[in-house]
Each structure stands twice: as C-alpha cells, then as structure tokens.
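Student: Fold the stuff below for me.
(one chain, ligands or ions: 1)
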Amino acid sequence: MTAKLPQIKISLTYETMGKKAAHEIAELLKQKPHAVIGLATGTTPLSMYDELRRIHREEGLDFSKATFFNLDEYVGLSGEHPQSYRYFMQEHLFNGLGVDDSQINIPNGMAKDLRQECEEYEEKIRKAGGIDLQVLGIGGNGHIGFNEPGTPFDLRTHVVTLTPETRKANSRFFNGDPEQVPAFAITMGPATIMNAKKVLLLANGQGKMNAVFEALKGSTSPQLPASVLQLHPDATFYLDRTAAKDFDKYFIPATHKITPMPVIR
Ligand code: F6R
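Tutor: Numbers count the residues shown, from 1 in each chain. Next up, the predicted model:
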C-alpha cells in the first residue's frame, strides 16, 4: 500500500458536509452498483444519511445491489432494541433506501460465541470482496469504530470493553445514565478499516477539532486511533468548519489537498 496524506474537504455547515459525502457514495454506486459499503452510526453521519435517502427518493438511485457492513454493535442488545446499532441503521437509512435484510451486515451483539462472531464477520467481508468505501465518525478521543486509544493497528474485528468516557458520551441515548450503556461492543478493528479501498471520515463541531487535528498532524499512534488513516492510500476527511478550525495555519493545502472553504458572505 502506498500511503498518501488524507484529503481534507471542509464545508461551511454540517448539512453541506453530509451532502458532499453522500454524493461520493452516490458516485461510487453509479459506477459500481454492487459496491460493498461500510457504514457508521452516531450523530455525525445523519446529514449524509438524509441526503442518501433524498437521492434515492428523488433521483431514483438504486441501492438494491449494494452490500452493507456496519462498523460495530453493542454486546447484549438485539436488533429490536431501540439503542442497538441495527435498529439505528434501519431507522435512519435502510428503511428509506428500500434495502433488503440480505444486503445488511451488522455484528450480532447477541451471539453466544462472540469470538466466533468476530471471525465470521471478517470472513463475510472477505467473501463480499472487501469493502469498497468505509464511512467513519471520530470520537473526541480519536476513536474510530469502537477502537479506543491504545488499540493496536493490526487488530481485526474484535470485542472491546468500552471506556468510561465512551459510555458517558453515549449515555445521551440511554436516559443519560452511563450505567445503562452496554459495557462491551464488537467492532471492526483498525486493520479491517485499513483494508477498505477508500475511507471517508466525517467530523463536525468543536468537540472533534482536537481529535481531527491530532489525527492529521503527521505522526501516527495507537493512542490516537484515527491517525492510522495517514497510512491509508485513499482517505478523505469531510469536516465542517468548526471541526477544521485554524487548519490553514497548520496544514499546507498542496500536500494535504485541502479544498478551500467557500467564502463566507
Ligand atoms: C459509530 C462509531 C463511533 C462514532 C463516534 C462518533 O458506529 O463507530 O466511532 O463514529 O463515536 O460519534 P458521533 O457521530 O455520535 O459523534
């Protein structure tokens, strides 16, 4: 793999960020209707999912031949649980795209043998021909998927113990109570993500500014899991202007291929 610095695409607003990323997925599907697409949950990709549903509804883009793999799932929640990632994806994307169950892959957090579930998930990705495009969000601590700081870069799909910070951050979906957030999850590992042919990382808001900066600034470290993307041959960071604050002071547009922000009127 020849590494290339991630491209950085900065948008004025969260909505525009989501639209631009959605259009990249739409383009891929037009070229390759059988594309294998990796997806994320969380607040960040919602504007992108809105736009994908719109493109399907209004422009008739066909998603019926694609295959989807989600990054992660909580251990102990079934797909019917409103806070499971399976449920989230149905609500926010799959129902609106008319996607069939057979096209959807999400780790089974209810599996009896979690280790086997992880191995089988990797095998499914391999059999599907690998992931063409993987969408990521980023945690305030730099995590991608549920790969928390300290996760070795060579790990594939595995079971993780969630950190107190992540349980606290996600407690907003669990009545504000970190104790109600499952303690474990299954996640694709950094090596699974790095195997995707193309990676789009989306980040918006000030809370992501430091993590995004650290992820791009030059050195890579498992302490900042998203920094592994500096070693990916085709990664793009889609940012809103608050997540990319002061970037022009630190990054050289030519080497980082920064698309300039539109002029604010
Ligand atoms: C979601 C995931 C997480 C989130 C990250 C950001 O499937 O794997 O890494 O992308 O925690 O979450 P939000 O978008 O809610 O800020």
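Student: Where do the helices of the stretch 101-250 of the chain begin and end?
Tutor: Defined through DSSP state H, counting those that start in this stretch, the helices belonging to the stretch 101-250 of the chain, from first to last, are 114-127, 164-170, 190-195, 209-216, 247-250.
Student: Out of those, which one sits most buried?
Tutor: When neighbours are counted by mean count of other C-beta atoms under 10 Å, the highest per-stretch mean among the helices of the stretch 101-250 of the chain falls to helix 190-195, a mean of 22. From N, CA and C alone the C-beta is placed, and that goes for glycine too.
Student: Report the residue spans of this protein with pLDDT below the cut-off.
Tutor: Applying pLDDT under 70 to the chain flags the ranges 1-4, 248-249, 251-265.
Student: where does this protein come near the ligand, residue by residue?
Tutor: Counting by C-beta under 6 Å from any ligand atom, the chain comes close to the ligand at 40-44, 71-72, 137-139, 143-146.
Student: okay, those in TSV with distance to Val99 and neighbour count next?
Tutor: Below are the residues of the chain next to the ligand laid out as TSV (distance: C-beta to C-beta, whole Å; neighbours: other C-beta atoms under 10 Å):
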residue	distance to Val99	neighbour count
Ala40	16	22
Thr41	15	24
Gly42	19	18
Thr43	21	12
Thr44	20	25
Leu71	17	27
Asp72	19	21
Gly137	20	20
Ile138	25	26
Gly139	27	24
His143	27	25
Ile144	24	30
Gly145	21	27
Phe146	23	26
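Student: what sits up against the longest helix belonging to the chain?
Tutor: Assignment by DSSP state H gives helix 14-31 as the longest helix of the chain. Under the contact criterion C-beta atoms under 8 Å, 6 or more residues apart in numbering, helix 14-31 has outside partners 9, 11, 35, 37, 45-52, 55, 61-63, 66, 132-133, 135, 198, 200, 202, 204-205, 236, 238-240.
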